[in-house]
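> Structure of the sequence below:
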Amino acid sequence: MKILIGHLFSYLFHLVVMPARRMIVRGQVQGVFFRMTAKQEADQRGITGWARNWEDGSLEIHAEGEDQAMEGFIAW
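This next block holds a predicted model:
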């Protein structure tokens, strides 16, 4: 029971405290390992989230992490 409560607290803390950003990246981002590189950059900064390709060739990224880490990821 303690483990379950700990996991629940951790999950709720993440939902309340971690800022999230939605980004649309346009340009040559499909077929050039951009998602893989973005994941590596996010992992290095402790950022979680997901990315998906759109039919128009752009990439949507949903990222969650601490402010300073997010600023660095966005600047990248």
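
> For the rest of this, base every contact and every neighbour count on C-alpha atoms.
Will do.

> Tally up the residues packed near Phe33, please.
10 (other C-alpha atoms under 10 Å).

> Met36 now?
Other residues within reach of Met36, judged by other C-alpha under 10 Å, total 11.

> Can you name the secondary structure element that comes next after the helix or strand it falls within?
Following DSSP states H and E, one finds Met36 within helix 34-45. Next helix or strand after helix 34-45 toward the C-terminus (DSSP H and E): strand 48-53.

> those strands in this protein, which residues are they?
For the chain, the strands defined by DSSP state E occupy 20-25, 48-53, 59-64.

> Of all these, which one is nearest Phe34?
Closest to Phe34 of the strands of the chain, according to C-alpha to C-alpha: strand 59-64, at 9.1 Å.

> tell me which residues form a beta bridge with the residue nearest in space to the middle of the chain?
Central residue of the chain (C-alpha atoms, centre = their mean): Ala63, 2.3 Å from the mean position. Counting by DSSP bridges, Ala63 is bridged to Arg21, Gly49.

> residue ranges with poor pLDDT in the protein?
For the chain, the stretches with pLDDT under 70 are 1-17.

> if you set the cut-off to 90 instead, what comes out?
Within the chain, the stretches with pLDDT under 90 are 1-21, 23, 25-36, 52-55, 57, 59, 66-67, 70, 74-76.

> Could you find the closest non-adjacent residue to Arg22?
Counting by C-alpha to C-alpha, 6 or more residues apart in numbering, the nearest residue to Arg22 once its immediate chain neighbours are dropped is His62, at 4.6 Å.

> and if you look at Met18?
Gly65 (5.4 Å).
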